[in-house]
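> Here you go, sequence then predicted model.
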Amino acid sequence: MTESSDAVAVATQFGRALRAEGVEAGPGRIAGFCRAAALVEPRDLYWAGRATLVAGPRDLPVYDRVFASFFTGAPTETAQPSVRVHVEGTLETELEVALASSIELLRQKTFADCSPEEIAELARLMEEMPLAVPRRRSRRRTAARSGSPDLRRTLRRSFRTGGEPLERAWSRRRVQQRRVVFLLDVSGSMTEYSRALVMFAHAALRAGRRWEAFCFGTRLTRVTRALATADPDEALRRAAEEVVDWNGGTRIGESLKRFLDEYGHRGMARGAVVVICSDGLEVGDPDLLGQQMARLSRLAHRVVWLNPLKEHAEYEPLVRGMRAALPHVDVFSSGGSLASLDALRRELGAL
């Protein structure tokens, strides 16, 4: 049994113990175990786990043995399936903390340390995150009960009263969502993070029509259509097929220049929130990167830069590319875990 200081990891450790014995207890099943166990008494914990963590009859003997060993310290002998295991003592208090923290542990875990199963679970959690989309006032106007006088509609109504403007009309400027553009670095130095960040872009694209996504390494590739499918794994597969320089080199400046030349000045970046996900390890000309970031900052409403290396407390933006870009960045954050992306999600709504 773990000490109270380690109570937050009880549920996760139990799932790992089952996986080590061959039981397919992935993050999804562990999360289900947490939800089920929160609804039952501690003495019924055995049955909550059996209902959520066991995939079939062949796993029952292993589950009984691991449960008895993990929670009661009993010898690892096969337990009888019909025997109800009672959990007493301080486990109830510790388990309440652990059950609530299983998903939180995954939220705080850096993408570089996540297994493929955990990345899949993170994709599901991203789909459930409500994304706050920044808004702006449009130049177009709409009818309203108050606001600015609408002379055209007022004059039209005056025809009914012999030309006297007795019934006045009002209008206001429409409010619409700002466009959000993702520029995702999928070069070799971002291998440990690119999959999760593409998953986040996929969840964002499904949340609204005014989201765009591009991938870049040594060249720029638009992947908005590739990510416009419901299945995250299929979206990732389609994006990987279109991006020919995945896990290659990094030319951020040249990729930004192409984005601005072909898309940005045509309206995609104008008034938009542009989110660049990259570690800033530029192998091209850093002066070119600085020039293109200056162009982007003049067009965009806000420029957000997510650098997963910022997750480490000792990180300093000393590489040439990052130093050239930072003067033109409005928000500099990590984006290396689900928790940091959740913080960005809330911050986007206030931009």
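That came in fine, so what should we check first?
> could you show me where the helices are in the stretch 251-351 of the chain, in order?
Assigned by DSSP state H, counting those that start in this stretch, the helices in the stretch 251-351 of the chain fall at 252-262, 286-299, 320-325, 338-348.
> Out of these, which is the most enclosed?
Ranked by mean neighbour count, those are led by helix 320-325 with a mean of 23 (mean count of other C-beta atoms under 10 Å). Heads up, the C-betas are built off the backbone N, CA and C, glycines and all.
> List of residues touching that helix?
250, 252-253, 276, 279-282, 286-287, 289-290, 293, 305, 307, 317 (C-beta atoms under 8 Å, 6 or more residues apart in numbering).
> I'd like the mean pLDDT over it, please.
Across helix 320-325, pLDDT averages out at 91.
> From the chain's centroid, how far away is it?
Taking C-alpha atoms, centre = their mean, to the nearest Å, one finds helix 320-325 lying 25 Å from the centre of the chain it belongs to.
> mind saving the C-alpha coords of it as PDB?
What follows is helix 320-325 as a C-alpha-only set of coordinates in PDB (Å, rounded to 0.1, in the frame of the first residue of the first chain):
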ATOM      1  CA  ARG A 320      18.700  32.300 -32.800                       C
ATOM      2  CA  GLY A 321      15.300  31.600 -34.200                       C
ATOM      3  CA  MET A 322      13.500  32.100 -30.900                       C
ATOM      4  CA  ARG A 323      15.300  35.300 -30.100                       C
ATOM      5  CA  ALA A 324      14.400  36.700 -33.500                       C
ATOM      6  CA  ALA A 325      10.700  35.800 -33.200                       C
END
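> Now residue 37: closest residue in space, sequence neighbours ignored.
Excluding the flanking residues, the one nearest residue 37 by C-beta to C-beta, 6 or more residues apart in numbering is residue 48, at 4.3 Å.
> just to confirm, which helix or strand has that neighbour in it?
Here residue 48, judged by DSSP states H and E, is contained in helix 45-53.
> what comes up buried for the helix or strand following that helix?
On the C-terminal side of helix 45-53, the closest following helix or strand by DSSP H and E is helix 60-67. For helix 60-67, a neighbour-count test (16 or more other C-beta atoms under 10 Å) marks 63-67 as buried.
> what's the answer for stretch 113-127, then?
Those would be 114, 118-123, 125-126, for stretch 113-127 by 16+ other C-beta under 10 Å.
> any chance of these in CSV, plus pLDDT and secondary structure?
As requested, those are exported to CSV (pLDDT from 0 to 100; DSSP: H, G, I helix; E, B strand; the rest coil):
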residue, pLDDT, secondary structure
114, 85, coil
118, 84, helix
119, 85, helix
120, 84, helix
121, 84, helix
122, 84, helix
123, 84, helix
125, 83, helix
126, 85, helix
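> Which strands border the strand of greatest length in the chain, and is each parallel or antiparallel?
Taking DSSP state E as the criterion, the chain has its longest strand at strand 135-144. Looking at strand 135-144 with DSSP bridges, its partner strands are strand 170-177 (antiparallel).
> ok, back up a step: tell me the pLDDT of the residue nearest to residue 37.
78.
> number of nearby residues for residue 166?
For residue 166, the neighbour count with other C-beta atoms under 10 Å is 11.
> Please identify the helix or strand for it.
Under the criterion DSSP H and E, no helix or strand holds residue 166.
> switch to numbering from 736
All set: I'll call the first residue 736, so the last point we hit is now residue 901.
> hey, where'd the strands end up in the stretch 836-985 of the chain?
Taking DSSP state E, counting those that start in this stretch as the test, the strands found in the stretch 836-985 of the chain are 870-879, 883-884, 905-912, 915-920, 946-951, 955-957.
> Tell me the pLDDT of residue 1076.
87.
> Is it in contact with residue 861, as I believe?
Yes - shown here, residue 1076 and residue 861 form a contact pair, counting by C-beta atoms under 8 Å, at 7.5 Å.
> where do the contact lists of those two overlap?
residue 935.
> where does the stretch 886-1035 of the chain have low pLDDT?
942-943 (pLDDT under 70).
> now stretch 911-921, how far from the chain's geometric center?
13 Å.
> Could you work out the end-to-end span of that stretch for me?
One end of stretch 911-921 sits 31 Å from the other (C-alpha to C-alpha, to the nearest Å).
> And stretch 977-992, by the same measure?
First residue to last in stretch 977-992 (C-alpha to C-alpha) measures 20 Å.
> Give me the residues contacting it.
Contacts of stretch 977-992 (C-beta under 8 Å, 6+ apart): 918, 920-924, 926, 929, 949-956, 958, 961, 975, 1013, 1015-1028, 1031, 1056, 1060.
> residues contacting the residue nearest in space to the middle of the chain?
The residue lying closest to the centre of the chain (C-alpha atoms, centre = their mean) is residue 935, at 3.9 Å. Neighbour list for residue 935: 861, 1070, 1076 [criterion: C-beta under 8 Å, 6+ apart].
> Contacts only, for residue 801.
For residue 801, the contacting residues are 749, 752-753, 756, 758, 811, by C-beta under 8 Å, 6+ apart.
> Give the other helices and strands that the helix holding residue 783 contacts.
helix 745-755, helix 762-772, helix 795-802 (3 or more C-beta pairs under 8 Å, 6 or more residues apart in numbering; DSSP states H and E).
> Buried ones in it, by neighbour count?
For helix 780-788, by 16+ other C-beta under 10 Å, it's 780-781, 783-785, 787-788.
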